[in-house]
Each structure stands twice: as structure tokens, then as C-alpha cells.
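In: build me a model:
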Amino acid sequence: MAAKSKQVFVCQECGAVYAKWLGRCTACGAWNSVVEEFPAVAAAGAGHNAAVPQPIARVSMEKLERMPVGMAELELVLGGGLVPGSMTLLGGEPGIGKSTILLQLALAVSRSGGKTLYVSGEESAPQVRMRAERLGALADDLWLLAENDLDNILAQARKRDCRLLIIDSIQTVFLPELASAPGSVGQVRQCGNELLKLAKEQGIAVILVGHVTKDGNLAGPRVLEHMVDTVLYFEGDRLSNLRLLRASKNRFGSTNEIGVFEMTSGGLKALDDPSTVFLTHREKPVAGAAVGCVQQGARPVLLEIQALTSPTSFGNARRLASGLDHNRLHIIIAVLEKKVGLNLSSQDVYVNITGGLRVDDPAVDLAVAAAIASAYRERPLPADVVVLGEIGLTGELRPAGQMEQRLREAQRLDFGGVVAARQKDAAGTAAKLGMKLYQADNLQLALSFLGLI
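Out: Residues are numbered from 1 along each chain as shown. As a prediction, this is how the structure comes out:
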């Protein structure tokens, strides 16, 4: 008589294992995240080729050539292209364009001489064919498989000798030897392990599509994000044509880069000049708008920051921010009240970063403060001025990093002036570029340069 499988309970958020069900995971603190799981039964005679240790100085340094992916913005986020033997996890809301960008990527890899296997676990083969025909992604070396059984998927990947394997999505595939349903913690984790083993042993680049929760995080245990080499998030408003791709983890490149795309009838189009996307071009300046600059990896991006102040109708004024850390907004408002003398306690303050971009570069502090002061005073800022600098609690300004690159980007887009924190050698760079640089030690002086005090 076969022995009964031991029952365990696993947290969906962190992967912690318990002998009984708990309402709250004691490891990560998540509520209602512990679910039942039946561990896999090892097959009789299953073997494993053990790795042999070697001195680190003798480890081969053979460089693996990256695979081109056909879009400069995507290659920028990946760090130069796909690395053979790597595993990438792509997440995003339903309908945001994950399948579209992966079909375009698969077409580019297949045309460069690499066989690609696209596995669809959510759509039928005719449905994927219709999308591929619309995108022009029909190629002899692009193979399509509508399958959920991971054993068959692994067998087909080895049989076709493919260079790229795309799983759309990891929550739909399953291993038959596991009793749990597809998408459960055990299935997602074990399927991820099997695909990782395939990638490392065969040198196949594997891309997994992951579902996201209502909070915007990737569904399933965090162990899946730990085992992959790259975690990408595809963001954007489905009612808008603009899409943003960013990496939260990348073992082969920077996590600061962003890719900007436009959704068109023929698929996703890479936008290689993001500054023109995030700037609003008007015939005349308006109050409450300031232009700042953020550093996204090696690329500076100019963007517009909009602010609105309105007398509050209730006892407590509201502070709302879109694309900016809420706590940072509170600090900037407090400094404006204490050090500049703006009476914002009776004003509702709303701040928005145009284009849907979320920024964490402290160099936009001064631009946020200038936009708020402009809205409060109802005085527009000069149309050709960029504002740069981090604000301290005492009202002092700290310089922005990589100032030369920011100034060159501003000059390229025909901005003639910059108000920034005092910084060594910045004046010389601005003079070479033919720009006027106004340097300030504190927030009050910077706002006076802008005509807001």
C-alpha cells in the first residue's frame, strides 16, 4: 500500500513551510497567504549529475555572446540583450502588452538565427497566430506550442534545440507528479526549478510571464524572483499608448534603466528619446509647472512636474502625489512653510509627474518645490529653465549627481537656463554649452531666481 503524501502548508509570499495552517505567516507577516501543498514524490531511480568543485582561478571566463532582441529600449533594460542560459521573469497587468512584446522579441531572435519556442498556456494556437500575423511575427524558426504540461514543454525544448524559450505564463503550467493545481505555490516553485535547470544545462534563455496581484506585485512565492536572473515589470495605463519597462533585478546589467514604448496597431514601438515624451509643449508658460531632470541609469530624462494648490474645504489639508513618494512630498511642503514662509497649511496640494513615470531621484526636489510655489503664487516659471537640486530639512540645497550629462540633455532640448544647487565646475560646463546657470545654496535663493519670492 502506497504511503500517504505528507501534508504541508506554504506561504505564498515568502515560501515559508508550516506543519499546520496559519492565518498569518510568522516569517513575513502576510495575512491569508498560507495554503495547503502536497510535496512531489521522487521518481524511483532518479539520478543527478553532481557538480565538481574547482579552484576559482581556473573557472572559464569564456564570454557568452548576447542575443539581440530587435528593440534598442529593450536591450537597454536587459543590459545589452538576452544572455544564453539566463532566466527572466516578466510581470505586468493583464492587457498591458506582455505577449505583444514577447512575440516581437521572439521574432527578432528567430530572424538572427536562433530557434525560438513560444509556449502559450492561456491562449490557443490560432489565437496566438492571429496576433503574430498582425505583428508580422511569422518566421520558420519561431515555433508555437499550446501546452500546459511542463514535461512535454521541456521535451520539446530539448528536441527543437532552441535558443529561446518563452512560457506564457508560469502560473498555467504544471508538473503531473504534483497533486496541487496549476498556479499554486508548489507548482510555480517546482516548475521554476525545472526551467532553471533546463536553462543552465542547455544554455537556453528562458523568459517567464508572471501574473501580478491587485497590489501590483508578482503573484506566487518570492522564491521565484530570487531564482531568476532578471525581473522585469511592464507598466502603463491601458487607456494610454505609453508603456514603461523597468528592471527590479538584473544580474547582467543596471536596474536603473527604463525602456519607453508606444503601443501601436503594429505592436510596440521603441521611443529612443524619452525626454520628448515626458515634456509638455505649450505656446506659453502656465503656473504650477516646472521642468526637472532625473537620471535613469546612464541616461538623463527631462520631465515636467505639475502642481496644484487649492484652499481646503476641511480642517486637514490634503496632500496627494502621483509618481512621487508621498512622504517626500510632505517634507518638501514642510520646508516651504518653515524656511520660505508659504502658508500651505490651509491649502490642498496635488503633485503629478507627467507621463506616468515614477521617480525616486532626489534631484527633482527643487523642481517639485518650484512647481508648488508657482501654483501657490499663480506665477508661471520661465519656459526655458530646468530646475535641479535636492532639498535638505534645513532648507539647504544639495547638488545633483552627473550634472554634466543633465546639462547636456537640457541644452539638446533647447533649454537655455538652469537653476540648481551650487556645485563645483558646473558653471564651466554651462558656459561651454552656452547656458545660463543660476546657483543657489538654499531653497529661498533658488525660488527668488525663479521670481517666486
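
In: contacts and neighbour counts: CA atoms only from here.
Out: Noted.

In: pull the residues that contact the host helix or strand of Gly428.
Out: Using DSSP states H and E, Gly428 sits within helix 426-432. For helix 426-432, contacts defined as C-alpha atoms under 8 Å, 6 or more residues apart in numbering pick out 403-404, 407, 436-437.

In: what comes up buried for that helix?
Out: Buried residues in helix 426-432, counted by 16 or more other C-alpha atoms under 10 Å: 426-427, 429-430.

In: what strands line up against the helix or strand bottoming out on mean pLDDT in the chain, and which way round?
Out: One helix or strand of the chain scores below all others by mean pLDDT, DSSP states H and E: strand 34-37, with a mean of 79. Next to strand 34-37 in the sheet, as set by DSSP bridges, lie strand 8-11 (antiparallel).

In: picking up where we left off before, could you point out which element follows the helix holding Gly428?
Out: Next helix or strand after helix 426-432 toward the C-terminus (DSSP H and E): strand 436-440.

In: packing partners for that following strand?
Out: Strand 436-440 is packed against strand 417-421, helix 426-432, helix 443-449, with contacts defined by 3 or more C-alpha pairs under 8 Å, 6 or more residues apart in numbering; DSSP states H and E.

In: now these as CSV including distance to Ser240 and mean pLDDT?
Out: Compiled in CSV, those are given as follows (distance: least, C-alpha to C-alpha, whole Å; pLDDT from 0 to 100):
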stretch, distance to Ser240, mean pLDDT
strand 417-421, 31, 95
helix 426-432, 36, 91
helix 443-449, 34, 96
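
In: go through those and name the closest to Ala205.
Out: Ala205 lies closest to helix 426-432 among the helices and strands packed on strand 436-440, at 43.6 Å (C-alpha to C-alpha).

In: where's Asp151, which helix or strand?
Out: Using DSSP H and E, Asp151 falls within helix 150-160.

In: now that helix: how far from the chain's centre is it?
Out: Relative to its chain's centre, helix 150-160 lies at 30 Å (C-alpha atoms, centre = their mean, to the nearest Å).

In: tell me what the first helix or strand past it going along the chain is packed against?
Out: Proceeding N to C from helix 150-160, the next assigned helix or strand is strand 164-168, under DSSP H and E. Under the contact criterion of 3+ C-alpha pairs under 8 Å, 6+ apart, strand 164-168 touches helix 98-111, strand 116-120, strand 205-210.

In: what does strand 164-168 contact?
Out: Counting by C-alpha under 8 Å, 6+ apart, 99, 102, 106, 109, 114-122, 157, 204-210 sit against strand 164-168.

In: rerun at 7 Å
Out: 115-121, 204-209 (C-alpha atoms under 7 Å, 6 or more residues apart in numbering).

In: so it versus strand 116-120, what angle?
Out: 10 degrees (axes from the mean of the first three to the mean of the last three C-alpha atoms, to 10 degrees).

In: continuing past strand 164-168, what's the next helix or strand?
Out: Going down the chain from strand 164-168, the next helix or strand is helix 185-202, by DSSP H and E.

In: tell me what angle that next one forms with strand 205-210.
Out: Following the same axes, to 10 degrees, one obtains 160 degrees for the angle between helix 185-202 and strand 205-210.

In: and the angle for helix 185-202 with helix 150-160?
Out: Using the same axes, to 10 degrees: helix 185-202 against helix 150-160 is 10 degrees.

In: average pLDDT for helix 185-202?
Out: Averaging the model's pLDDT scores along helix 185-202 yields 90.

In: what are the buried residues along that helix?
Out: Quick answer for helix 185-202 (16+ other C-alpha under 10 Å): 185-192, 195-196, 198-199, 202.
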